[in-house]
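S.K.: Give the three-dimensional model of this entry:
(chains A and B)
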Amino acid sequence: MKSSSLFILRSLTAVMKAKKLLAESGIVSTAVKRTSHSGEGCHYGISVSVSYAEAALNTLKRNGIYPQSIEHYG
Amino acid sequence: MENLIYFDNAATSFPKPISVLNATNDVIKNYCANPGRSSHPLAARAAEAVYECRSKLARLFDAEDENVVFTSSATHAINLGIKSTLRRGDHVLISDIEHNAVLRPISALAKRGLITFDIYRATDDPERLIRELASKIKANTSLICACHHSNICNLCLPARAIGHFCRKKGIVFLLDASQSAGCVPISVENDLIDILCAPAHKGLYGIPGLGFAIFSKSLSESGRLSTFIEGGNGMASESAYMPDFLPDRLEAGTLSLPAIVALSAGVDYVKRQGVDSISQKEKALCALLRRGLSRIKDVTVHSLTDGSILLFSVKGYTSEEFAQLLSRYGICVRAGLHCAPLAHRRIGTNEDGAVRVSLGAKNTPDQVRRFLTVCEKILSKRTER
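M.R.: Just a heads-up that it's a prediction; the model follows:
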């Protein structure tokens, strides 16, 4: 089982907003900048422990933040 | 420096609160990285500081975080707001108290034949103002600009009335809050403002080199915002085009992190002091100043009402001459037309301008009294000669 979940968001501002919302909900997260290997450039995401992934996703969606993609890794 | 009396807060507020100084020192010393470019700890901290400021401004002005766009100044923000929304053939209304930050870009666009514009008479009476606007709008009016508080005469336009009028007519409403941000409550949501423009370094007690434009939700999601500046912003670098969402669509290049952190601290200061409290204090000082100046022979006070600004002329001196004399006594004011020729024309001081005293949170009654004493001294020396 993977240990972390990464939600790719559309901008750095969205990531910072997400980080703050998750912190207010008691979920620790890390802002991540990632360069795509498929030539799609660099993107920002927010990484949480996989055990908090569902709660984190619900918190983001409740606040109008919808990840562009979700990955699990680690 | 201790005996200096700074009465030029409409140009930039001074001195800055110690908390602003400390915050600026801290960022320059400890984490002045480029936010949004790298992923190391300093860049992450910088990015968080930028977001924190966006968030504070959004809360202060009842807007959404993403719709806060940083610029290099209020003038830049106004140019951004105007040029990202206007299309060829549009008609614009501006008031007769607008600063050159509005008049010049509008005039330049009109001179190039891209738009037309008319000037409406500013008044603080909402009903009269709406009647005036209604008489001047045309089928192709797409933007109304309003100077919330004049930088020379304390005239305040009723933003909410203009906002409601514009929203009903489908016209974009740009509010120049350069002199009002931090001095009176402003709500992008409730006042139906589409573009709120302001500097960091006046009523919000940040440092020069930063301004912001805050967009309404409806305008930001309308798809009609053209880019104003294009360049790198640290994301989706593979694309040759700016993103189609805010704030990234309208921000390019490195943000001034020290100025943003300073603004953050300035907003905290204003909230601690209380917007109403600062405003009341400035009005009281203005009233003291007005009473004193009105008693001095050869001084004409031009200000229409009490606020943070008082404008006056002295018989026998040009405005620049008298300002120079004041500066010899350590008194900092501004003379001339104050980049507001329309407003000076409105109050009849457009020939020579006038001397402007602009008060701030750090000014005191004792400074006002000393100022009046100096004015009397200067004029008595003239009489003796």
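
S.K.: quick one: contacts of the worst-scoring helix or strand of chain A on mean pLDDT?
M.R.: In chain A, no helix or strand scores lower on mean pLDDT, DSSP states H and E than strand A:30-35, which sits at a mean of 83. Around strand A:30-35, the neighbours that count as contacts under C-beta atoms under 8 Å, 6 or more residues apart in numbering or on different chains are A:6, A:8, A:12, A:15-16, A:19, A:41-48, B:38-39, B:44, B:47-48, B:234. (Glycine included, C-beta is placed from N, CA and C.)

S.K.: Contact residues of chain A facing chain B?
M.R.: For chain A, the contact set with chain B under C-beta under 8 Å from any C-beta of the partner chain comprises A:10-17, A:19-20, A:31-33, A:39-44.

S.K.: Can you select the buried ones from these in ChimeraX?
M.R.: Under the burial definition 16 or more other C-beta atoms under 10 Å in any protein chain shown, those of these that qualify are selected in ChimeraX by:
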select /A:10,11,12,13,14,15,16,17,19,20,31,32,33,43,44
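
S.K.: picking that back up, so what strands line up beside the least confident helix or strand of chain A?
M.R.: Looking at strand A:30-35 with DSSP bridges, its partner strands are strand A:42-49 (antiparallel).

S.K.: Residues contacting the partner strand, please?
M.R.: Applying C-beta under 8 Å, 6+ apart, the contact partners of strand A:42-49 are A:3-9, A:11-12, A:14-15, A:18-19, A:22, A:27-36, A:56, A:67-68, B:234-237.

S.K.: switch the cut-off to 6 Å
M.R.: A:4-9, A:12, A:15, A:18-19, A:27, A:29-30, A:32-35, A:56, B:235, B:237 (C-beta atoms under 6 Å, 6 or more residues apart in numbering or on different chains).

S.K.: Same check on stretch B:60-78?
M.R.: A:13, A:17, B:54-55, B:57-58, B:80, B:101-102, B:178, B:186-189, B:197-199, B:211-215, B:220, B:246-247, B:250-251, B:255, B:267.

S.K.: Point out where chain B drops to low pLDDT.
M.R.: Residue ranges of chain B with pLDDT under 70: B:1-2, B:304, B:383-385.

S.K.: again, only using 80
M.R.: In the predicted model, chain B carries pLDDT under 80 at residues B:1-2, B:39, B:235-236, B:303-304, B:382-385.

S.K.: Domain map for it?
M.R.: B:5-15+B:273-384, B:18-272 (automatic domain parsing).

S.K.: which of the ones you listed is buried the deepest?
M.R.: Comparing the domains of chain B by mean neighbour count (mean count of other C-beta atoms under 10 Å in any protein chain shown), domain B:18-272 comes out on top with a mean of 20.

S.K.: pretty sure B:Ala49 is in a helix, no?
M.R.: Yes - note on B:Ala49: a helix contains this position according to DSSP: H, G, I helix; E, B strand; the rest coil.

S.K.: The closest residue to B:Lys202 other than its chain neighbours: which element?
M.R.: Residue nearest to B:Lys202 in three dimensions, not counting chain neighbours: B:Ser13, with 5.4 Å by C-beta to C-beta, 6 or more residues apart in numbering or on different chains. According to DSSP states H and E, B:Ser13 maps onto no helix or strand at all.

S.K.: Now the spatially most central residue of chain B: phi and psi?
M.R.: The geometric centre of chain B, computed from its C-alpha atoms, lies nearest to B:Ser178 (C-alpha atoms, centre = their mean), at 0.8 Å. Main-chain dihedrals, B:Ser178, degrees, to the nearest 10: phi -60, psi -40.

S.K.: again, but for B:Arg104
M.R.: Phi and psi for B:Arg104, reported as degrees, to the nearest 10, are phi -70, psi -50.

S.K.: Repeat that for B:Lys315.
M.R.: Per degrees, to the nearest 10, the backbone of B:Lys315 is at phi -60, psi 130.

S.K.: how near is it to B:Ile296?
M.R.: Distance, B:Lys315 to B:Ile296, using C-beta to C-beta, to the nearest Å: 11 Å.

S.K.: do the same with B:Ile106
M.R.: Distance from B:Ile106 to B:Ile296, by C-beta to C-beta: 39 Å.

S.K.: How about the contacts made by the residue nearest to B:Ser95 when sequence neighbours are not counted?
M.R.: Spatially, and ignoring its direct neighbours in sequence, B:Ser95 is nearest to B:Ala122 (4.2 Å; C-beta to C-beta, 6+ apart). Neighbouring residues of B:Ala122 by C-beta under 6 Å, 6+ apart: B:Ser95, B:Asp96, B:Ile97, B:Leu155, B:Leu157.

S.K.: you'd agree B:Ala122 is in a strand?
M.R.: No - with three-state DSSP as the criterion, B:Ala122 is assigned coil and is not in a strand.

S.K.: That one and B:Gly353, how far apart?
M.R.: 19 Å.

S.K.: show me where the stretch 51-200 of chain B has helices.
M.R.: With DSSP state H, counting those that start in this stretch, the ranges of helices along the stretch 51-200 of chain B come out as B:74-85, B:100-111, B:126-136, B:159-169.

S.K.: Going by proximity to chain A, name the top residue of the stretch 251-385 of chain B.
M.R.: Nearest residue of the stretch 251-385 of chain B to chain A, counting by C-beta to the nearest C-beta: B:Glu251, 9.5 Å away.

S.K.: Now do that residue against B:Ala23, distance only.
M.R.: Distance, B:Glu251 to B:Ala23, by C-beta to C-beta: 21 Å.

S.K.: Over to B:Ala77?
M.R.: Distance check for B:Ala77 against B:Ala23: by C-beta to C-beta, it reads 22 Å.

S.K.: Ok, B:Leu255 next?
M.R.: Applying C-beta to C-beta to B:Leu255 and B:Ala23 gives a distance of 16 Å.

S.K.: before we move on, what about B:Ala108?
M.R.: 37 Å.

S.K.: got the residue ranges for the strands in chain A?
M.R.: Counting by DSSP state E, the segments of chain A that form strands are A:4-9, A:30-35, A:42-49, A:69-73.
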